[in-house]
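Engineer: Okay, predicted coordinates and the sequence, questions at the end:
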Amino acid sequence: MKHSVLLTLVAIVGIGWQLTSCAAEEPVNAPPPAVDNPKQQGALQTAVLSGGCFWGVQGVYEHVKGVEKVVSGYAGGDRSTAQYETVSRGTTGHAESVQITFDPAKVSYGELLQIFFSVVHDPTQLNRQGPDTGTQYRSAIVYSDDSQKNIATAYIAQLNEARVFHRPIVTRVDHLKGFYPAESYHQDYLVHNPSSSYIVYNDLPKIESLKRVFPGYYSDRPVLLAQASSH
């Protein structure tokens with residue numbers, strides 16, 4: 001599992017090595033998607049994204065204006081195997097994912113993807129992010145309808161054509177079969193464990209990158225799942 005392995009490495013080779021090898025990726029200021037839905041009033045929508053450990057992905061989107069709720073969970077496999085210990089084996093078909101509920105009048109699906117590619121993760125890493133390896137840490141956009149699929153595929157093509165990244169994007173575009181919330185101790189993990197070495201080196205820099213690269217999207221006060229669920 002990622003956390004036991006990480007702690008072992010820290011104990012053996014020290015914090016200095018950890019800082020250089022496991023720090024968050026540098027942000028990339030990706031251009032806005034050429035194909036996107038217009039912002040307009042309507043019912044709340046959801047997006048499901050997989051970009052490595054769900055702690056940091058949830059943490060970033062909880063700071064995005066227009067986002068109403070973010071849930072850490074699993075997508076890609078069956079309900080029967082949607083448990084952390086099982087998913088961590090890398091054989092279930094699941095990826096650690098987040099389900100984002102957002103107001104389409106305030107933030108578009110394409111803008112969520114722009115943040116995803118710019119500051120959430122490195123979309124050129126195959127089946128890994130930072131210190132975490134395995135298919136459960138793959139990069140994926142999990143669409144729920146044809147509109148989301150079209151926006152995602154067009155945006156990946158746009159970014160590859162513009163050579164925004166030094167390597168080809170490996171992000172998968174998969175149809176949503178089901179999303180299964182993770183265990184309660186994984187929810188709002190970044191907020192509850194800000195001094196965890198994993199969070200400090202891998203995830204807090206992503207929040208700072210969001211604030212610096214996309215100040216117009218950034219909300220200083222995160223929308224926590226505990227608060228959203230009580231409304």
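Structural biologist: Alright, I've got the coordinates. Numbers count the residues shown, from 1 in each chain.
Engineer: tell me the SS of the residue nearest the centre of the chain?
Structural biologist: With distances taken as CA atoms, centre = their mean, V57 lies nearest the centre of the chain, 3.2 Å away. Recorded secondary structure, V57: helix (DSSP: H, G, I helix; E, B strand; the rest coil).
Engineer: Give me the neighbour count for K177.
Structural biologist: 12 (other CB atoms under 10 Å). Glycine gets a C-beta too; all of them are placed from N, C-alpha and C.
Engineer: so how far is Y61 from it?
Structural biologist: 21 Å (CB to CB, to the nearest Å).
Engineer: can you check S50 too?
Structural biologist: Distance from S50 to Y61, counting by CB to CB: 13 Å.
Engineer: what sits in contact with each of those two?
Structural biologist: Shared contacts of S50 and Y61 (CB atoms under 8 Å, 6 or more residues apart in numbering): V98.
Engineer: After the lowest-mean-pLDDT helix or strand in the chain, heading C-terminal, what element do we hit next?
Structural biologist: Least confident helix or strand, the chain: helix 15-22 with a mean of 38, by mean pLDDT, DSSP states H and E. Downstream of helix 15-22, the first helix or strand assigned by DSSP states H and E is strand 45-51.
Engineer: tell me how far that following strand is from the chain's mean position?
Structural biologist: 8 Å (CA atoms, centre = their mean, to the nearest Å).
Engineer: tell me which strands and helices it is in contact with?
Structural biologist: If contacts are counted by 3 or more CB pairs under 8 Å, 6 or more residues apart in numbering; DSSP states H and E, strand 45-51 sits against helix 54-61, strand 95-102, helix 109-115, strand 139-143.
Engineer: the inter-axis angle of it versus strand 139-143?
Structural biologist: Counting by axes from the mean of the first three to the mean of the last three CA atoms, to 10 degrees, strand 45-51 lies at 160 degrees to strand 139-143.
Engineer: Would you mind getting the angle between strand 45-51 and helix 54-61?
Structural biologist: 130 degrees.
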